[in-house]
Every structure is written in structure tokens, then in C-alpha cells.
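Visitor: got a predicted model here, sequence first, then my questions.
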Number of protein chains: 6
Amino acid sequence: MERVDEFNEFRAKMNEKILAADNRAIKRFFGVDTLTYETGALDRKTKEMLGLSASMVLRCDDCIIYHLLQCKELGVTDPELYDIFSVALVVGGSIVVPHLRRAVAALEEWHEKQGGGSGGGMDDGAQGSLG
Amino acid sequence: MERVDEFNEFRAKMNEKILAADNRAIKRFFGVDTLTYETGALDRKTKEMLGLSASMVLRCDDCIIYHLLQCKELGVTDPELYDIFSVALVVGGSIVVPHLRRAVAALEEWHEKQGGGSGGGMDDGAQGSLG
Amino acid sequence: MERVDEFNEFRAKMNEKILAADNRAIKRFFGVDTLTYETGALDRKTKEMLGLSASMVLRCDDCIIYHLLQCKELGVTDPELYDIFSVALVVGGSIVVPHLRRAVAALEEWHEKQGGGSGGGMDDGAQGSLG
Amino acid sequence: MERVDEFNEFRAKMNEKILAADNRAIKRFFGVDTLTYETGALDRKTKEMLGLSASMVLRCDDCIIYHLLQCKELGVTDPELYDIFSVALVVGGSIVVPHLRRAVAALEEWHEKQGGGSGGGMDDGAQGSLG
Amino acid sequence: MERVDEFNEFRAKMNEKILAADNRAIKRFFGVDTLTYETGALDRKTKEMLGLSASMVLRCDDCIIYHLLQCKELGVTDPELYDIFSVALVVGGSIVVPHLRRAVAALEEWHEKQGGGSGGGMDDGAQGSLG
Amino acid sequence: MERVDEFNEFRAKMNEKILAADNRAIKRFFGVDTLTYETGALDRKTKEMLGLSASMVLRCDDCIIYHLLQCKELGVTDPELYDIFSVALVVGGSIVVPHLRRAVAALEEWHEKQGGGSGGGMDDGAQGSLG
């Protein structure tokens, strides 16, 4: 559970500090960022999937973990996640692979936290409710 | 219609030449690329949307046009496209904007080609069949 | 004058279309973008210089032209511009060079438009007022 | 103090080893890098700010820490730093956020090292002398 | 012949202007750049091949054309070029493809200029002398 | 020896998990990746050198370590490696430097593992056999 928890804690702590600095453009950017993933023409789940593929090709581990967890909370199954991974891998090339490895490690942590085993890091696709 | 047609023609011509060079790794890569967007756990439409968001944050105009056209052929509505654009814009920042402009220009070309006007580059979301 | 004028015209036309699509996140992002370059702890001139160096290392020609013109309107001298170019070149490497060439071409266009010759693309540093 | 000190130590040790390898192009590159930030048409402080914004959009944590520390030593205030952060964030998008978090953590370390508290990671802007 | 000649002409003209601006760091960077590709532990041919693969994954068309022409002048055969392309494609992913298309178009121009036809953009590998 | 061993172990473990997920596109991509570095018109050694320069400019530490180790196993000498580093540094700019530092640290680990000291991280160029 370590890596994911550590990430979430650092993320929350630093976001608070950043917002406390009270820079208007930064604060508004954070607001737009939140707004972007709200249901619009596309639902949140699809948007988080788009955020995940974008984060993978840009090779941002923290962004990948964040969107991966959101996807799981919104019911994206493991086979669906691997399809997202495949698009990111083919678009972004083998330099995406190290990030894919860490994404799969984070996915495993998520499964362990859910209390269920998950041999190959795959669930049965029955995960449909919000966390 | 110019930009999109020109792109499609150059794309087809050069792909043929590349494959004619008969480099095994390149040919297989092209095969994997095709396979990636076929229906799996996710359907083709969702995969093309993922390909579009990935292409936008990587700022590849040709890739953007390609996936944009695929999205339209697979029934992605304009408001849905703009939602994809918004995720790419927020993830990738203002350097995505010039590519967004060219994406919207390509979208307009697509609409004109369909024979319908489209003032603000928006359709009514009723576009559901395969082109 | 061609490249710069063409850029400005396309930019204005497409921005209008993008905003007309009325996607909330995109519209707000455009708002944040404008806000970012307003005088805060740093003045507009310094911020545009920062925007220019960021655009150069990210190799976005349209962004470079935009911030370059803003810099000139705000009184950044040519020797100062070349100092910005040097930082971007050393940070970003030789792949920045093609963009540097096009930046210098745009700078020349700006000088020609001002009605003054500028042999080597350099002014005397006396350019201090807004346009 | 940990992260910043560790970075500085590793940086110094490895730079020494790299230069000891005696590759002419690499040695000269290091020379050009040093030269680039010396006062020219722009002063060192402005150049370090440009180096910081460039490093942030390219998402290089070590480069960010380096330029951040240089900025502080040269008297850049925290509100000015946050203005630099805002430009980098808007130009580079939300993938810059994880690096912004680590930049703010490094800034905190710097303040602690100076012996002064700094609740929200902000000073009063009165920091004008060379470290 | 158009694209390649146009590139070479613009490149030469702008390089001259850039150097005329007399910015010390930029001039020295250009010097280091030249030095880098001179024979050292590796010969020029291998270094140009490395420059080509680096340029392709960074998706810089002008850099690709430049190193491609250098490779051909130094005797890199077409099958060898395609092997370089394959490494760049697999490392960098499908976003490299549009640049690969333009690289193959430039290679064709080079062959036409040599006076020989080259249907599929391939020579027989016998091209060993300096242009 | 730590960093390199840890990398190799994590790499092997996660690759296994990724392949176990049985996503066809991902599995085929891994196959193409392997194929790409096999001897073709260019030999494996040259291809690994190309993979290294590409990985350095894309700033992927894991990819750099992997190709660096492959290069050493295939007999690339340290002076040759530094020539590769120099091309990557000049093409990619100073943001490559932190990755260069870590590459040199990995190279040192490799030398230590071989049982020989290597003061400045340089061997005599006599390393010609496959590990």
C-alpha cells in the first residue's frame, strides 16, 4: 500500500500549501482542473480514462497514479485499464514501458487495499460501483 | 477540404512506401498499431477518443487529424470532442492551444464535407453512424 | 510580413470559434491564460519573457511568435531577446535551433513592420514603449 | 533539508566524474551552460528565472531545484517565484503540478535552512540580497 | 527536390543571422554542436546515426532532414536508415510515424537528386562514398 | 550495485505481470520491441547505441540504464559511451544532465560489478566480448 498512500498524503499536503500561497492564476488553474473532469457531454469515467492515457504518454507517474485510482473508483475494469495502457504504449512507444510497470504496481496496491487477491493484477470486470 | 484531403493522400502514399521498404520491425509496429484500436475490453470509439487525447498532449497535428476523423466516423459528437479537447488542454497546457486551433479547423472541414453547414463547428450530437 | 500576419489572423479566427463552442473548462482555461500574464509580483514584461523561454524549450512555433511579439510590444530589446534565446537553447538543446531560426525570422518581420531596417535582426535597445 | 542537500552532493560528485572522463564536447557544453547564466543584456537573476520556467515546463525536478535555489540566492521573492510557477503551470498544464509540489517542498527546505519559519512557504518579499 | 533545398537555404540564411547577433552563449553552443559530430571514440557516421535517432524521437523535422542527409553523405545505406527508423519508431511510438513519412519523402528527394531512380525509396546498399 | 540490481529485479517482475494480463496489443508490442534490436542491416551493438541516445534525449532513466547495460555487454567502450552521451546532451540540452549523472552512476555500478575499479568511470576500451 506504501507508494500510493505516500503519494496521496504528499499530494494533499502540498496542494494545501500551494493554494495557501494565494496566487490567483494558480488557484484558478486548480479550479479549472477540477471542473474539467466533471460530467459534461462525456461522463467522469470517460474523462478520467482520457486523463490517464494523456498522463501515460506524457510519462508523469504521479498523474498516472492519480487517474488510475480515479478510474478504479469509477468502475473501470482491469481489462479496460489494459486497453488504455495499450493505446498509451503504442502512441508513446517503449519509453512508456517503465511508467506502465509502475502503473501496474499501483494497480496491485489498489487491489490489495480492496482486500481481494488479484494474481495477475486482473479483476473479473465486475467492479462497477463507486469505490 | 484541402488540409484534410492533402493529409490523407500523403499519409496513404508514404505508408505504402514505408511498408515497401520491408523492414520487419516497422511492418510489425504498423500491425500492432492497427490492432490496438480494434474492439477489446473497450470499443473502437473509446479507443479513438483515447488516441485523440494522447495525440493532443503530445502535440502531433497529423495524429490529431487522424484520430479526430476516426472519432467523427465512429459517431463522437462535437460536444464530446470539445470535452476531449478540454482534458487535453488542461493536462497539456496552453502549448496545446495552437494544435486545438488546427483540430477545430479540421473539424470544420469534416463538417463541410458532410454537406452540412456548422456555424460554430458544432453539430447536434445526432451523428451516430459510421460516416 | 506574411507569416506573422497569417498567424495572427488564424489565431483570432480560431479562438473565436473555440470560445463559441461554449465548453466551460476550455473557456475558463482561456481566462486563466489571460490572467497569468497580468502584472502581479512580476510585471507583464518579465512574465512574457518567461512565457517565451517556456515556449521555446517546448518547441511550439505559434507560442514562440506570440510571446516574441508581446515581448517586443513591451519593450524587450533584441539583445535581451537573444539572451532569452540562449537560455532556451542551452536548456533545450540543438532541437531548439529550428525554432530559433523561425523566431529570428519573425523578429525580422516585426522590425520591417516597424518601418525600420534591421540588418542583423538587432535593434539598439532603445525600444521601450508599447508598440 | 534532506532532499536539497542530497541533490547538491550527488550533483557535485557526478559532475566531477563526468568532467574527469574528458570528453571535449561534454566539457565545452558544461562551459557554455555556465556562461549562459552570466550577466549579459539580461542580469543573472532574470536568466535564472527563465531557466526555472523552462525547467518546469520540461518537468526536470533536478533542474527545477537547481534554478529555484539560484533564484532564492539572487533575491527572487516567494510571490515572484509563484508568478514563475503560474506561467509554467499554464504553459505546461496539469502535468507540471507534481513538479510544482516538489518545487514548493524544496522552497520550504530552503526557508528552514535560512533559520526562519515560513508557514505557507511564503516570505514577505523583502529578501533582496545575495543569500 | 523542393523541401530539402528550401530547408537548406533557410537554414544557411538564418544561421548566419543568428551568429551575426553576436550572443556569446549562442555562438559557443553552435561551436559545441559542430564539435560533437566530429570523429572521436566514435566516427562521424555513427554519430550522425545517433543524431538521427535522437531527432526522430524528439520529432524535429528539420533536425531529421539534416541528420538524414548527413547520414547519406557518409554512406549510410537505405536498409541501415530503416533500421534507425525502426529503433526511433519503437522507442518513440506511433507519434513518430508522421515524421517517418516526411523522412522517407526527404530520402526520396535525395535519391532523385543523385540522378538515380529509387522506386521504393531503397538503394542497394552500395552507397559508400562521400556524396 | 544497488540501483541497477533493483531496477533489473523490478523490471523482470513487472514485465511478467504485464504479459500475464494477456492484452494482445501490449504483448505484440513487447514482441516488436525485442525484434527491433536484433541484428538486421545494423548489428545489435549499433542498435543499442541508437536506443541509448534516443532514451537519453527522452529522459527516461530506466530506458537509459537498460540500454547502457546492453551496450556494455555488447562491448561498447566507455569513451564510446561518452560520445553517445555527448550527442544526447547537445541534441537534448542541459535538461539531459541529471540523467547523464545517473547514467554515469549506473556505469560505475557496472564496472564495480565486473570486479575492476574504474576511478573516473572510464575503461581502456579493451572490453570487447559479450559480458
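Guide: Nice, thanks for sending it over. Numbers count the residues shown, from 1 in each chain, chains lettered A, B, ... in the order given.
Visitor: ok, the longest helix seen in chain A near chain B or not?
Guide: With secondary structure taken from DSSP state H, chain A has its longest helix at helix A:2-20. No: with CB under 8 Å from any CB of the partner chain as the criterion, chain B is not reached by helix A:2-20; the gap is at least 15.6 Å. For glycine as for every other residue, the C-beta is placed from the backbone atoms N, C-alpha and C.
Visitor: which helices and strands does the next helix or strand after that helix pack with?
Guide: Using DSSP states H and E, the next helix or strand after helix A:2-20 towards the C-terminus is helix A:24-36. Counting contacts by 3 or more CB pairs under 8 Å, 6 or more residues apart in numbering or on different chains; DSSP states H and E, helix A:24-36 is packed against helix A:2-20, helix B:78-92, helix C:24-36, helix D:78-92.
Visitor: quick check: residues of chain A near chain D?
Guide: Checking chain A against chain D by CB under 8 Å from any CB, the hits are A:10-11, A:14-15, A:17-18, A:20-21, A:23, A:25-26, A:29, A:33, A:55, A:58, A:60-63.
Visitor: show the average pLDDT along the longest helix of chain A.
Guide: Averaging pLDDT along helix A:2-20 yields 93.
Visitor: between that helix and helix A:24-36, how many degrees?
Guide: Angle of helix A:2-20 versus helix A:24-36, following axes from the mean of the first three to the mean of the last three CA atoms, to 10 degrees, is 130 degrees.
Visitor: helix A:2-20: which residues count as buried?
Guide: A:4, A:7, A:11, A:14, A:17, A:18 (16 or more other CB atoms under 10 Å in any protein chain shown).
Visitor: please name the nearest non-neighbouring residue to residue A:23.
Guide: Leaving aside its sequence neighbours, residue A:23 sits nearest to residue D:82 (CB to CB, 6 or more residues apart in numbering or on different chains; 4.1 Å).
Visitor: for residue A:28, that is, sorry about that
Guide: Spatial nearest neighbour of residue A:28, chain neighbours left out: residue C:32 (4.7 Å); criterion: CB to CB, 6+ apart.
Visitor: residue contacts, that neighbour?
Guide: When contacts are counted by CB atoms under 8 Å, 6 or more residues apart in numbering or on different chains, residue C:32 touches A:25, A:28, A:29, A:32, D:90.
Visitor: residue A:102 and residue B:34, how far apart?
Guide: Distance of residue A:102 to residue B:34, computed by CB to CB, to the nearest Å: 28 Å.
Visitor: who's more crowded, those two?
Guide: residue A:102 (18 against 11; other CB atoms under 10 Å in any protein chain shown).
Visitor: so is the more buried one in a helix, a strand, or just coil?
Guide: Following DSSP: H, G, I helix; E, B strand; the rest coil, the label given to residue A:102 is helix.
Visitor: dump the helices and strands packed on helix A:24-36 to a markdown table, plus distance to residue F:68.
Guide: A markdown table is the format used below for the helices and strands packed on helix A:24-36 (distance: least, CB to CB, whole Å):
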| stretch | distance to residue F:68 |
| --- | --- |
| helix A:2-20 | 25 |
| helix B:78-92 | 30 |
| helix C:24-36 | 40 |
| helix D:78-92 | 29 |
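Visitor: surely residue A:7 is in contact with residue A:68?
Guide: No: counting by CB atoms under 8 Å, residue A:7 sits too far from residue A:68 to count as a contact (10.7 Å).
Visitor: out of everything not next to it in sequence, what's closest to residue A:18?
Guide: Using CB to CB, 6+ apart, the nearest residue to residue A:18 is residue D:104, at 5.8 Å.
Visitor: show me what contacts the one you found?
Guide: Contacts of residue D:104 by CB under 8 Å, 6+ apart are A:14, A:17, A:18, A:21, D:121.
Visitor: setting aside sequence neighbours, what's the nearest residue to residue A:56?
Guide: residue A:88 (3.5 Å).
Visitor: equivalent analysis for residue A:52, please.
Guide: Once chain neighbours are set aside, the closest to residue A:52 by CB to CB, 6+ apart is residue A:67, at 3.9 Å.
Visitor: what angle do helix B:78-92 and whichever strand or helix holds that neighbour make with each other?
Guide: Per DSSP H and E, residue A:67 falls inside helix A:61-73. Using the same axes, to 10 degrees, the inter-axis angle of helix A:61-73 relative to helix B:78-92 is 140 degrees.
Visitor: circling back: residue A:77: which of the helices and strands packed on helix A:24-36 is closest?
Guide: In terms of CB to CB, the element of those nearest to residue A:77 is helix A:2-20, at 18.8 Å.
Visitor: measure the residue nearest the centre of chain A to residue B:50 for me?
Guide: In chain A, the residue lying closest to the centroid (CA atoms, centre = their mean) is residue A:67, at 1.8 Å. Separation of residue A:67 from residue B:50 (CB to CB) stands at 12 Å.
Visitor: so for the two, which residues contact both of them?
Guide: Common neighbours of residue A:67 and residue B:50 are listed as residue A:49 (criterion: CB under 8 Å, 6+ apart).
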